[in-house]
Every structure is written in structure tokens, then in C-alpha cells.
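>>> need the 3D shape of this:
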Amino acid sequence: MSSRAAIRYAKAVLEQANEAKLGNVVFGDMKSVAATIENSKELRAVLNSPVIKGEDKKKALMAIFEGNSEVTKGVIDILDSNKRINLLGAVAESYVSLYNEAQGVKVAHVTTAVPLSSELETKVLAKVKEMTGSDSVTIENTIDESIIGGFILRVGDLQYNASIANQLDSIKREFTKSL
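Numbering: from 1, shown residues only. So this is what the prediction gives:
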């Protein structure tokens with residue numbers, strides 16, 4: 001969940017990107033930034049470290065994201081200037097959400113124990129389009145082995161939990177009620 005500050009920065013970035021007619025380019029950049037930070041424990045540690053100087057964090061980020069647009073580099077610069085560089089991942093995630101919302105894209109979050117096959121992804125996509133009435137749907141697949149099998153589907157405020165772990169919990173609750 002993004003903080004209010006991250007959402008405010010993301011809104012400002014979206015406005016700036018749209019003015020520069022670079023909304024889609026910055027969207028790609030922000031997806032990359034969010035994924036990079038999410039997938040790198042070390043990078044998250046650096047961004048959150050009070051010991052590492054802000055200018056060093058900025059240099060590292062500029063080197064990592066050197067091929068990105070000037071708008072994206074500007075985000076890193078302004079976050080560094082305001083001593084909020086640790087918010088970069090949350091700002092990127094918020095930007096992606098705001099951009100999708102502005103474009104009318106529904107995002108279906110599917111949690112599975114194993115990666116979705118392309119065939120299953122197509123079926124889920126069709127079902128979500130039917131449920132939401134939206135033609136513009138994307139799927140984000142998260143792998144969580146703790147659900148054992150099945151899936152958890154979340155679209156906006158709606159959630160459908162068809163995981164084996166959830167079914168086992170239900171059975172456990174029924175047994176404990178009976179005792």
C-alpha cells in the first residue's frame with residue numbers, strides 16, 4: 001500500500017508526463033523501476049538505509065536507470081532533493097496504478113502457487129473481462145507457494161479466493177466449531 005506522499009508525487013509525475021506527452025514512456029519506466037526495487041532486496045536496503053548519503057543513493061539510482069526518460073530521472077532528483085528517495089518504489093507503483101486508472105485499464109491480480117500458463121492466463125483474462133465489462137484488462141501474476149494450489153483473484157475491491165489453503169482453513173474452522 002502506498003503512502004499519501006507517494007501518491008502525491010505519483011500524481012505530479014503523471015501530470016508532468018502527460019504535459020510532455022510521455023505518459024506511456026514514463027509508464028514503462030515506472031513499471032521497470034517498481035519491479036527492480038521489488039525484486040532487489042539489496043536495493044531496498046540501500047534506499048532505506050540512514051547510513052548511506054542521499055547523493056550516493058541518487059548516483060546509484062541514476063546509474064541503474066540511466067536509459068530512462070528525463071521525467072523519470074527528474075523523479076529521482078526531486079525525491080533526493082526532498083530527502084524522500086526511499087519512496088521511489090511506492091511512487092513508481094502509485095504511478096502505474098494511476099496511469100492504468102486514467103487509461104481505463106483494469107488490473108487483475110492473480111496469486112497462484114505456480115506461474116500461470118499462457119492458456120490459463122487467456123481464460124482468466126476472458127473471465128475478468130466478462131466480470132468487469134471492461135475490454136482493457138491486464139493480469140499481474142504473483143507466485144505464493146503457501147496457497148498450495150488454486151488461485152486468489154483480486155480486481156479492484158473484489159476478491160475471489162479459490163486456494164487450497166483457504167479451503168483447508170474452512171475445513172479446519174468447521175472441525176473446531178463441531179468440537
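>>> tell me the helix or strand right after the lowest-mean-pLDDT helix or strand in the chain.
Every helix and strand of the chain was ranked by mean pLDDT, DSSP states H and E. The lowest is helix 118-132, at a mean of 89. Going down the chain from helix 118-132, the next helix or strand is strand 137-143, by DSSP states H and E.
>>> from the rest of the structure, what touches the least confident helix or strand of the chain?
The contact list for helix 118-132 (Cβ atoms under 8 Å, 6 or more residues apart in numbering) reads 106, 108, 110, 116, 135, 137, 139, 141, 151, 153, 155-156, 158. Just so you know, the C-beta spots here come from the backbone N, C-alpha and C atoms, and that holds for glycine as well.
>>> give me the domain ranges for this structure.
4-101, 104-178 (automatic domain parsing).
>>> quick one: the shortest one to chain centroid distance?
Yep, that's domain 104-178 we're talking about. 16 Å (Cα atoms, centre = their mean, to the nearest Å).
>>> return the residues in contact with L79.
9, 85, 87-88, 91.
>>> tell me which element it falls in.
helix 70-81.
>>> tilt between the least confident helix or strand of the chain and strand 137-143?
130 degrees (axes from the mean of the first three to the mean of the last three Cα atoms, to 10 degrees).
>>> pull out the buried positions in helix 118-132.
Within helix 118-132, the residues that qualify as buried are 124-125, 128, counting by 16 or more other Cβ atoms under 10 Å.
>>> re earlier: which of the contacts of L79 fall in helices?
9, 88, 91 (DSSP state H).
>>> and of the contacts of helix 118-132, the nearest to P50?
Nearest to P50 among these is N141, at 34.7 Å by Cβ to Cβ.
>>> before we move on, the earlier item: and the ones in helices among the contacts of L79 as JSON lines, adding pLDDT?
Output for those, formatted as JSON lines (pLDDT from 0 to 100):
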{"residue": "Y9", "pLDDT": "98"}
{"residue": "L88", "pLDDT": "98"}
{"residue": "V91", "pLDDT": "98"}
